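**Q** Requesting a structural model of the entry that follows:
(2 chains)
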Amino acid sequence: MSKVTSLVPPVSLPDKDLSGLRQEVREFLNQQREAGNFKPYADTWLSRWDEDFSKALAAKGWLGMTLPKEYGGHGLSFNERFVVSEELLAQGAPVAAHWIADRQIIPNLLRYGTPEQKDKYLPAIARGESYFGIGMSEPDSGSDLASVRTKATKVDGGWSITGTKVWTSGGHKAHAFIVLARSAPQDTTNRHAGLSQYLVEFAQEGVEVRPIVSMNGEHHFNEIFLTDVFVPDNMVVGEIGEGWQQVNSELSFERSGPERVLSTFPLLAATIDEINAGRLASSSNLGRLIARVTALRNMSAAIADALQHGKPADVAAAVSKVMGTTTEGDIADEIDLLVGDESGVSDEFRELLNWSIDQRPGFTIRGGTNEILRGVVARGLGLR
Amino acid sequence: MKNLQIDTDLQEMFDSFLAEYSERGAGESGTLDKELWSQLEELGLLRLTGSEDKAGSGATWAEAQALITSLAKHGVRAPYAEHDLLAGWLVDELGLESGSVMTVGEIEGSEARRVPWASAADRIILIWRSGEEYLAQSFAPAELEIVNGSNNIGEPRDTVRVNDSAINGVSVAEEIVKQLRLKQAMVRAIQVSAALERALEVTIDHVTARNQFGRPLAKFQAVQHLVSDIAGESALAQAAKDTALLEAINSDWSGENLEFLVAVARSNVGHSASVVVRNAHQAHGAIGTTIEHELHKSTRAALAWRGEYGSVASWDALVMDRSRAAGSDGLWNLIAS
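**A** Numbers count the residues shown, from 1 in each chain, chains lettered A, B, ... in the order given. Model prediction:
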């Protein structure tokens, strides 16, 4: 077998059995749009928080899709979840409220959570009522996640956590997050040892959320200050000391999804109309990018299928994310190159474009920078 | 759904047989290696996809793609695809006279330009438009004027002219002509993808073996990133090519979306070649630019092939045309179904 074949799972054609589901999502989105419940936008999985919309999706059974029925889920496949996710993103629907909970917390708690934790959070996530943030990065720990300094100290009946988490998107609106903290002093011979995961609710005593305002004035990110926050033993996720392995085992879900290539798709689609109306010049470079999005989308679908079959996909997810996030950013940039003072495009289109180019730098940073991910790929190739 | 998996014994047979030719240095020049060709014939590979009632081996494009890939990865140049998948298919489809080395060309104006391997063929199938219809005819070289040309890796790409009095074509359905063009484009997509895969392997071997500053090149982060991008682009090219080929074999080359997917494949393999070739040569340093080093067998081939049966820009433009026709409401459906 060649090296490339083993790097990324083989693609397949769209499953015709899922076209009914796809059609159903499209009809739902058309209705929602016509009812004025949302306006298509770019990068909506970070930036468009709409709890009513999340609850409407839950009512359709499109949250907790892969979650077993005993936890209030629907027992469906990752392939089915993929179809719903990509349809929502392609139409620029407001999905930020439930995105992290549905994508990351469900697989994490399913694998590592206690029965009590599962009962407490999973059904609520599937109902669209429980929203989560991520508590990994710190002011001094970005790409070097193993260097986190947030400290968990054993106390009677639980743990006391003190430290600062940063870049927690939606932390000002979400209910809880999973904090990665150091539960044992750093071992210089094994940097990945001594880390643990804790479920912390934002309403808890000792948790302070401060906004980090983005360069365009928007507020998605937060800095979370934890001061002697008490976490009972039953809110430890998985095993004490296994935090690093637990975080890494779930990264394929976070990195390989369609949101790593479709963040700017609504802008791309809108641009086609501007070109067809003669307000922008056509560009074969856009054809190149559409071809690339198509291939990347198929690669991402192949990874969802591999995850469904329990196959390891961490290197494939890194490959997919490096190219997907670069391309979704390149789309915004390419369209920006086409638009000038002289272009007859609407103000609304300019706003969407400006929004997209402001979001762009984040694409290749969030969820593991592309530089880190290239290292993951290099390791997969046996170079390190 | 039919997939692209093939029998592992057959794959091993392709690879071990072609490795021998690759190591002997045969099959690299612009002339057809007669011994290789007769070996392929004896192994039943020349008409791999021909139907068994016509003395073919009855295999599919999945096996054919594996053979094309193995040929390309071993740097062995021969008109297998032209003979079997293009000319062989047409000859059977139209009841034309076949030969032992066949190729296809399309006459535009007074001649067929850049016909692959015409100078090595004993049967040249030509297609041309006549009024409202397409005609095709199988010619012996003696009936034609052939002016030798070649692509940048020395494969024959010849100009072919026909004497008017020799013309006696049979009618060809437009659907067949359309399929021929898709098959031609697909063959080159498979070849480019294979070459990119090979460039990755050669580069990995080089950066792990070559030491500078007291350690292998592979240990330098800058080099790791060059190679990671080669791997990513190569995998993406493969994904795009595989999607188109899957659609082709599952729709018997008549899928509604097939032309779009072939264009997507050709656009992707073409642009991925830019990154792979640049990075692979960069990672090799000057030695990779020499004739004695094997890197050029994959990098130059990828660049030579990506512009055949349509420039990369022409495929980009086709994707753009289809996207514009779909409009903003239809664009997503074009991509995802």
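
**Q** hmm, who's touching whichever strand or helix holds B:Ala112?
**A** In this structure, B:Ala112 sits in strand B:111-116 according to DSSP states H and E. Strand B:111-116 is contacted from outside by B:79, B:82, B:103-106, B:118, B:124, B:126, B:149, B:151, B:155-161, B:308, using CB atoms under 8 Å, 6 or more residues apart in numbering or on different chains. All C-beta spots, glycine's among them, are computed from the backbone N, C-alpha and C.

**Q** taking the mean pLDDT, what do you get for it?
**A** Strand B:111-116 shows an average pLDDT of 98 in the prediction.

**Q** What residues of the very next helix or strand once past that strand count as buried?
**A** Using DSSP H and E, the helix or strand that follows strand B:111-116 in sequence is strand B:123-130. Of the residues in strand B:123-130, B:Arg123, B:Ile124, B:Ile125, B:Leu126, B:Ile127, B:Trp128 count as buried by neighbour count, 16 or more other CB atoms under 10 Å in any protein chain shown.

**Q** would you list those residues in TSV and tack on distance to chain A?
**A** What follows is the buried residues of strand B:123-130, written out as TSV (distance: CB to the nearest CB, whole Å):
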residue	distance to chain A
B:Arg123	34
B:Ile124	33
B:Ile125	30
B:Leu126	31
B:Ile127	27
B:Trp128	29
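
**Q** Which of those residues lies at the shortest distance from A:Ser85?
**A** Distance to A:Ser85, by CB to CB, is smallest for B:Ile127 among these, at 45.5 Å.

**Q** Check chain B for the residue nearest chain A and tell me.
**A** B:Met320 (3.2 Å; CB to the nearest CB).

**Q** Identify the residues contacting A:Ala332.
**A** A:Ala42, A:Thr264, A:Leu267, A:Leu353, A:Ser356, A:Ile357, A:Gln359, A:Arg360.

**Q** Could you let me know which of the buried residues of strand B:123-130 ends up closest to B:Gly56?
**A** Nearest to B:Gly56 among the buried residues of strand B:123-130, with distances taken as CB to CB, is B:Arg123, at 15.6 Å.

**Q** residue boundaries of the helices in the stretch 1-150 of chain B?
**A** B:8-23, B:34-42, B:61-73, B:80-81, B:89-94 (DSSP state H, counting those that start in this stretch).

**Q** Keep only those of the contacts of strand B:111-116 that are in strands.
**A** B:Thr103, B:Val104, B:Gly105, B:Glu106, B:Ile124, B:Leu126, B:Arg157, B:Asp158, B:Thr159, B:Val160, B:Arg161 (DSSP state E).

**Q** Selection in ChimeraX covering whichever of these are buried, please.
**A** Burial among these is assessed by 16+ other CB under 10 Å; the matching ChimeraX selection reads:
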select /B:103,104,105,106,124,126,157,158,159,160
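
**Q** CSV for the ones in strands among the contacts of strand B:111-116, including pLDDT and distance to A:Gln245?
**A** Below are the ones in strands among the contacts of strand B:111-116 laid out as CSV (pLDDT from 0 to 100; distance: CB to CB, whole Å):
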residue, pLDDT, distance to A:Gln245
B:Thr103, 98, 57
B:Val104, 98, 57
B:Gly105, 98, 60
B:Glu106, 97, 59
B:Ile124, 98, 63
B:Leu126, 98, 64
B:Arg157, 98, 56
B:Asp158, 98, 61
B:Thr159, 98, 64
B:Val160, 98, 64
B:Arg161, 97, 69
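
**Q** any idea which of the ones in strands among the contacts of strand B:111-116 is closest to A:Val148?
**A** Among those, and counting by CB to CB, the member closest to A:Val148 is B:Arg157, at 59.7 Å.

**Q** still on that earlier bit, next, format the ones in strands among the contacts of strand B:111-116 as JSON lines and append distance to B:Gln224.
**A** Listed next are these as JSON lines, based on distance: CB to CB, whole Å:
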{"residue": "B:Thr103", "distance to B:Gln224": "43"}
{"residue": "B:Val104", "distance to B:Gln224": "44"}
{"residue": "B:Gly105", "distance to B:Gln224": "45"}
{"residue": "B:Glu106", "distance to B:Gln224": "45"}
{"residue": "B:Ile124", "distance to B:Gln224": "48"}
{"residue": "B:Leu126", "distance to B:Gln224": "50"}
{"residue": "B:Arg157", "distance to B:Gln224": "38"}
{"residue": "B:Asp158", "distance to B:Gln224": "44"}
{"residue": "B:Thr159", "distance to B:Gln224": "46"}
{"residue": "B:Val160", "distance to B:Gln224": "48"}
{"residue": "B:Arg161", "distance to B:Gln224": "53"}
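
**Q** Out of the contacts of A:Ala332, grab the one that's most surrounded.
**A** A:Thr264 (31 neighbours; other CB atoms under 10 Å in any protein chain shown).

**Q** residue contacts, it?
**A** Counted by CB under 8 Å, 6+ apart, A:Thr264 has contacts A:Ala42, A:Asp43, A:Glu328, A:Gly329, A:Ile331, A:Ala332, A:Ser356, A:Gln359, A:Arg360.

**Q** For chain B, state which of these is nearest.
**A** Using CB to the nearest CB, those come closest to chain B at A:Ile331, 12.1 Å.

**Q** before we move on, what SS does the spatially closest residue to A:Arg103 that is not a sequence neighbour have?
**A** The spatially closest residue to A:Arg103, leaving aside those adjacent along the chain, is A:Phe253, at 6.2 Å (CB to CB, 6 or more residues apart in numbering or on different chains). Three-state call for A:Phe253 (DSSP: H, G, I helix; E, B strand; the rest coil): helix.

**Q** what's around A:Phe253, how many residues?
**A** Quick note: A:Phe253 (other CB under 10 Å) scores 21 neighbours.

**Q** surely it meets A:Pro107?
**A** Yes: the criterion here is CB atoms under 8 Å, and A:Phe253 meets it with A:Pro107 at 5.3 Å.

**Q** Report the set of residues contacting both of those two.
**A** With CB under 8 Å, 6+ apart, A:Phe253 and A:Pro107 have no common neighbours.

**Q** Tell me which residues touch residue 121, please.
**A** Just going to use chain A. Applying CB under 8 Å, 6+ apart, the residues near A:Tyr121 are A:Ile105, A:Leu109, A:Gly113, A:Ser130, A:Ala176, A:Leu199.

**Q** other chain: chain B
**A** B:Pro79, B:Gly99, B:Val101, B:Met102, B:Thr103, B:Pro141.

**Q** Check A:Arg26 too.
**A** Counted by CB under 8 Å, 6+ apart, A:Arg26 has contacts A:Glu87, A:Gln91.

**Q** so which strand or helix has it?
**A** Going by DSSP H and E, A:Arg26 is in helix A:19-34.

**Q** ok, and the closest non-adjacent residue to residue 326?
**A** Just so you know, I chose chain A. A:Thr364 (6.0 Å).

**Q** Oops, wrong one, chain B.
**A** B:Ala326's closest residue in space is B:Leu334 (CB to CB, 6+ apart), at 4.5 Å.

**Q** residues touching that neighbour, list them.
**A** B:Asn257, B:Phe260, B:Arg322, B:Ser323, B:Ala326.

**Q** Kindly report the same for B:Met320.
**A** A:Ser282, A:Ser283, A:Ser284, A:Leu286, A:Gly287, A:Ile290.

**Q** The third one contacts B:Ala313, doesn't it?
**A** By that I understand A:Ser284. Yes: under the criterion of CB under 8 Å, A:Ser284 makes contact with B:Ala313 at 5.7 Å.

**Q** So between those two, which is more surrounded?
**A** Neighbours were counted for A:Ser284 and for B:Ala313 using other CB under 10 Å; A:Ser284 has more, 18 against 15.

**Q** Phi, psi for the more buried one please.
**A** phi -70, psi -20 (degrees, to the nearest 10).

**Q** what's around residue 240, how many residues?
**A** Using chain A here. Other residues close to A:Ile240 by other CB under 10 Å number 18.

**Q** could you do chain B instead?
**A** 31.

**Q** Where does it sit, in terms of helix or strand?
**A** Per DSSP H and E: helix B:221-250 holds B:Ala240.
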